[in-house]
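Next comes the sequence, and after it the predicted model I'd like to discuss.
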Amino acid sequence: MSETFVLITGAWHGGWAWRPVAEHLRSAGHRVFTPTLPGLHDGDDPTAYQLSDVADAIVALVEEQDLNDVTLVAHSWGGYPMTAAAPRLAGRLRKVVYWSAFVPAAGRTLYDEVPPAYQELFDGLSGASGNNSVAMPLEVWQSAFMNDASEDVQRTVHALMVPHPMQYFTTTVEPLDAAALGVPVSYVLSVGDIALPPGEYGWDRFAERLGVTPIEAPGSHEACFTEPAGLAAALLEA
């Protein structure tokens, strides 16, 4: 049965990051949309948008394309704007899937959900940027995010990313009320994902927050590049 997917990126990424996964989904007969969100286009002004603009863009895409029976998927930071958008699209959704993504809690921003070392990093980089943005350091990318790729691939993808507006990390959204939403909600977790360290700040707490058992997918936090077939299969299973 053909499905319609709308794939929401994580921080620093454009819709291009989903292409390997999208191609696997399309080859299986599914329709796939991979938007680049406001503030994350090459050349965007990081000060020009708020997190609400990102949620608005997701809603606008689904409504303007008149999409129905949509599987909405978010990666990492994308869990925040997806959570904000999902209730506004409830009548058009088939299911909601978080992949190695943040699941917002009441009154807590993404900044509140990451270890102190990341908070210090974000503060320093945004303060020095001149435009309140955070550029992903190459060494962090290589060691914690795309740690299952060769150095050439790591550097190539890193060069494509754009600085992320800091205000996207420091804005709260209302938590998802899955019962009120009325569609299934799932969590996919890449088994090699160490972008958040295991333990107090680990990814598994977000599946617990949703009250679901995570579906395992292969690869690192950037499995969209390194294990796209396995990730596509996990999204279909979800």
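Right, received. Where do you want to start?

so where do the helices sit in this structure?
In the chain, the segments counted as helices under DSSP state H are 19-27, 51-64, 79-85, 110-113, 116-129, 138-140, 151-160, 178-181, 204-210, 223-226, 228-237.

Report all helices and strands that the helix or strand of the chain with the lowest mean pLDDT contacts.
Using mean pLDDT, DSSP states H and E, the weakest-scoring helix or strand in the chain turns out to be helix 178-181, at a mean of 94. When contacts are defined as 3 or more CB pairs under 8 Å, 6 or more residues apart in numbering; DSSP states H and E, helix 178-181 packs onto strand 93-101. To be clear about C-beta, it is placed using only N, CA and C from the backbone, and glycine gets the same treatment.

Each with direction, which strands does the strand it packs on pair with?
Partners of strand 93-101 in the sheet, by DSSP bridges, are strand 70-76 (parallel), strand 185-190 (parallel).

Using neighbour counts, pick out the buried residues of that strand.
93, 95-101 (16 or more other CB atoms under 10 Å).

Would you check how far apart the residue nearest to the spatial centre of the chain and residue 8 are?
When CA atoms, centre = their mean is applied to the chain, the residue found nearest the centroid is residue 75 (2.2 Å). Per CB to CB, to the nearest Å, residue 75 is found 7 Å from residue 8.

would you turn the buried residues of strand 93-101 into JSON lines with pLDDT?
Output for the buried residues of strand 93-101, formatted as JSON lines (pLDDT from 0 to 100):
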{"residue": "93", "pLDDT": "98"}
{"residue": "95", "pLDDT": "97"}
{"residue": "96", "pLDDT": "98"}
{"residue": "97", "pLDDT": "98"}
{"residue": "98", "pLDDT": "98"}
{"residue": "99", "pLDDT": "98"}
{"residue": "100", "pLDDT": "98"}
{"residue": "101", "pLDDT": "98"}
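
In JSON lines, list those residues along with distance to residue 176.
Below are the buried residues of strand 93-101 laid out as JSON lines (distance: CB to CB, whole Å):
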{"residue": "93", "distance to residue 176": "12"}
{"residue": "95", "distance to residue 176": "12"}
{"residue": "96", "distance to residue 176": "7"}
{"residue": "97", "distance to residue 176": "12"}
{"residue": "98", "distance to residue 176": "9"}
{"residue": "99", "distance to residue 176": "15"}
{"residue": "100", "distance to residue 176": "17"}
{"residue": "101", "distance to residue 176": "11"}
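
and of those residues, the nearest to residue 54?
Nearest to residue 54 among those: residue 101, at 14.0 Å, using CB to CB.

Please name the bridge partners of that closest one.
residue 76.

residues touching it, list them.
Going by CB atoms under 8 Å, 6 or more residues apart in numbering, residue 101 touches 10, 74-79, 82, 187, 206.

before we move on, what about residue 223?
Residue 223 makes contact with 100, 148, 190, 192-193, 217, 230-231, according to CB under 8 Å, 6+ apart.

one more time with 10 Å, if that's ok
Counting by CB atoms under 10 Å, 6 or more residues apart in numbering, residue 223 makes contact with 20-21, 75, 99-100, 146, 148, 188, 190-193, 217, 229-232, 234.

So how do I select the buried members of the residues you listed in PyMOL?
Of the contacts of residue 223, the buried ones can be selected in PyMOL as follows, counting by 16+ other CB under 10 Å:
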select buried, resi 20+21+75+99+100+146+148+188+190+192+193+217+230+231+232+234
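
per-residue pLDDT, residue 1?
pLDDT recorded at residue 1 is 76.

From what I see, it and residue 71 are in contact.
No: the pair residue 1 / residue 71 is not scored as a contact, 11.6 Å apart, by CB atoms under 10 Å.
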